[in-house]
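1. Okay, sequence plus prediction incoming.
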Amino acid sequence: MQFINHMKLEFLSIPANVAFARVTVAAFASQLDFTLADLEEIKVAVSEAVGNSIIHGYESIPDRFVRIYANLTTDALEIRIEDDGKGIEDINKALQPAFSTDAERLGLGFVFMQSFMENFRVESSPGQGTKVIMSKSIGTRIARASSDQ
Amino acid sequence: MQFINHMKLEFLSIPANVAFARVTVAAFASQLDFTLADLEEIKVAVSEAVGNSIIHGYESIPDRFVRIYANLTTDALEIRIEDDGKGIEDINKALQPAFSTDAERLGLGFVFMQSFMENFRVESSPGQGTKVIMSKSIGTRIARASSDQ
Amino acid sequence: MLLDVEIKKDTLVVRPSGELDLGVADRFRRTLDETLDRGQARNLVFNMARVSFVDSSGLGVLLGRYKRISKNGGKVFIVSLQPQVRKVLDLSGLLRIMCEFHSENEALEKIG
Amino acid sequence: MLLDVEIKKDTLVVRPSGELDLGVADRFRRTLDETLDRGQARNLVFNMARVSFVDSSGLGVLLGRYKRISKNGGKVFIVSLQPQVRKVLDLSGLLRIMCEFHSENEALEKIG
Ligand SMILES: Nc1ncnc2c1ncn2[C@@H]1O[C@H](COP(=O)(O)OP(=O)(O)O)[C@@H](O)[C@H]1O
Ligand SMILES: Nc1ncnc2c1ncn2[C@@H]1O[C@H](COP(=O)(O)OP(=O)(O)O)[C@@H](O)[C@H]1O
């Protein structure tokens, strides 16, 4: 696997930066031949992970930092989204569809990340912050279609 | 002067990242009420500074890193673009219009940065890398227009 | 996000434009709730023609208003979804509870 | 950047689209030089209608081709500039040496 590009982005934990983060990752990813539909899926996954860092990790405290590391290989985007926030007690529970520790929220963030991306993984423990790692390869659609036969 | 947002971006010294860098800074800046014309000027200034880091600072070696720090105040974007490359011997000479150490180039990069941005400053010395610092406030056009009277 | 709201008979027609994410969710929720608080609207139509992006924070606002309206016996319809937005709504199950129509007029006729 | 080139009589018409920056400068320069090397074109028209961004690396390619053509007595015209692109060309002085026309046809008529 050859890395052809790297970037690291760090920004304040404010809601306005959710849009900034997804636009930046999509601009980076667009150096590969992703379809527009793929780029939209990447945007949703990034929004969910960054939004979680802001709301859950930092409990909406606006002066903390969220970090995104992204690599491009010749055929995939790999991203890691990190915060130094409060961390997740029980990751398996957190990953369940419709589970949320916030009654106002839907518990679908991780569902979207898992549906739209590949090699999804969460590393987290209480007080230690959270890392969400995921990737997406170009041409997944074709691979899926042919494995259907 | 109140800071309302911060970001830091770091990426490989490859030509494809010139476009990535300007799109990212423009997306960040668009959280303020810049006009489209202002955003285009910011894009040119960022392209020139990042391009210089890649071509001159790192002499086109592709595995080094360029860093961008950006702040938003309530009415301005402040940016610092840095490399750890070979640095500039004589900054005053480098700033002269049409001066270039590369016969193939126009020597207009610094001219564009100075024309399109405010509070422009270069910090550099041989072997110590280069920092370009510049800002742009919203409504400069209005300020200019009224100072014309 | 820009938000255009209009009352047509007893139906509130909401036409957001832009991106519905965490950055705009609070404002979106507040504007809708303030309008609904005035009590003129029994039903709700979301015209999504100019919405280019929705994430789970945006969905939360749609679903919250759905709950409020349907608790009072009103209907909630959603129209003119862009493909990438439909994908997210579909995956969330929202399209199974809110009826989708092609156009605002079609939805308004259905409400009657 | 996409690049469309066409020879009309003895004029090379170049229609780039996208952004002309360091990332595409080498490819842009190479394609133009290879076409000019074939020797069919004496004059050059840059149709910039679909160019949304130019920086000094992009300008360098335009100016380099200007020098090559004018050294051989040919003419170089530039047409259909978007406002933000014109601003950069203007500031660089390029518009004082390359004639600007509104359309490709106007430029081709002028060349005759
Ligand atoms: N970065 C994070 N830091 C702390 N807790 C998190 C983080 N991300 C997710 N969680 C926990 O996982 C739960 C499920 O997340 P998610 O599926 O995105 O749904 P939602 O955001 O709607 O709650 C959250 O309610 C929260 O308790
Ligand atoms: N980041 C940098 N590192 C080293 N040298 C630089 C850097 N930026 C600019 N320079 C020097 O300053 C000169 C003028 O820069 P500029 O006005 O951008 O014109 P050009 O890039 O066309 O040469 C360059 O030719 C180079 O010698």
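-> Nice, I can see it. Numbering: from 1, shown residues only, chains lettered A, B, ... in the order given. Ligands and ions are numbered 1, 2, ... in the order given.

2. Name the SS class of residue 62, please.
-> Answering for chain A, as no chain was given. coil (DSSP: H, G, I helix; E, B strand; the rest coil).

3. nearest residue to it other than its sequence neighbours?
-> Spatial nearest neighbour of A:P62, excluding adjacent residues (Cβ to Cβ, 6 or more residues apart in numbering or on different chains): A:I14 at 4.8 Å. For every residue, glycine as well, the C-beta is placed using N, CA and C.

4. which residues are contacting stretch C:26-44?
-> A:15, C:1, C:3, C:5, C:7, C:10-12, C:14, C:16, C:20, C:58, C:61, C:64-66, C:68-69, C:72-77, C:111 (Cβ atoms under 8 Å, 6 or more residues apart in numbering or on different chains).

5. how about a cut-off of 7 Å?
-> C:1, C:3, C:5, C:7, C:10-12, C:14, C:16, C:20, C:61, C:64-65, C:68-69, C:72, C:74-76, C:111 (Cβ atoms under 7 Å, 6 or more residues apart in numbering or on different chains).

6. and if you look at stretch A:124-133?
-> Against stretch A:124-133 from outside (Cβ under 7 Å, 6+ apart): A:49, A:53, A:57, A:80-89, A:91, A:113, A:121-123.

7. Please name the residues that touch the residue in chain C positioned nearest to ligand 2.
-> Residue nearest to ligand 2 within chain C (Cβ to the nearest ligand atom): C:G23, separated by 34.2 Å. Neighbouring residues of C:G23 by Cβ under 7 Å, 6+ apart: A:15-16, A:18-19.

8. and with 8 Å instead?
-> A:15-19.

9. And A:I14, by the same measure?
-> A:54, A:62, B:5.

10. that older thread, which of the contacts of C:G23 sit farthest apart?
-> Longest distance between any two of the contacts of C:G23 is 8.7 Å, between A:P15 and A:A19; criterion Cβ to Cβ.

11. Give me the common contacts of those two.
-> C:21, C:23.

12. Neighbour count: those two, which is higher?
-> A:A19 (25 against 19; other Cβ atoms under 10 Å in any protein chain shown).

13. so who does the more buried one touch?
-> A:A19 neighbours (Cβ under 8 Å, 6+ apart): A:47, B:27, C:19, C:21, C:23.

14. Could you check how far whatever residue of chain C ends up closest to chain D is from chain B?
-> Closest contact between chain C and chain D, by Cβ to the nearest Cβ, is at C:S52 (19.5 Å). From C:S52 across to chain B, the span is 15 Å (Cβ to the nearest Cβ, to the nearest Å).

15. Could you pull out the helices in chain A for me?
-> According to DSSP state H, chain A carries its helices in the segments A:16-29, A:36-52, A:91-95, A:109-116, A:140-147.

16. Would you mind putting these into JSON lines with mean pLDDT alongside?
-> Listed next are those as JSON lines, based on pLDDT from 0 to 100:
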{"stretch": "helix A:16-29", "mean pLDDT": "98"}
{"stretch": "helix A:36-52", "mean pLDDT": "98"}
{"stretch": "helix A:91-95", "mean pLDDT": "98"}
{"stretch": "helix A:109-116", "mean pLDDT": "98"}
{"stretch": "helix A:140-147", "mean pLDDT": "48"}
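
17. Can you get me a residue count around residue 69?
-> Just going to use chain A. 17.

18. I was thinking of chain C, sorry if that wasn't clear
-> By other Cβ under 10 Å, neighbour count at C:I69 equals 20.
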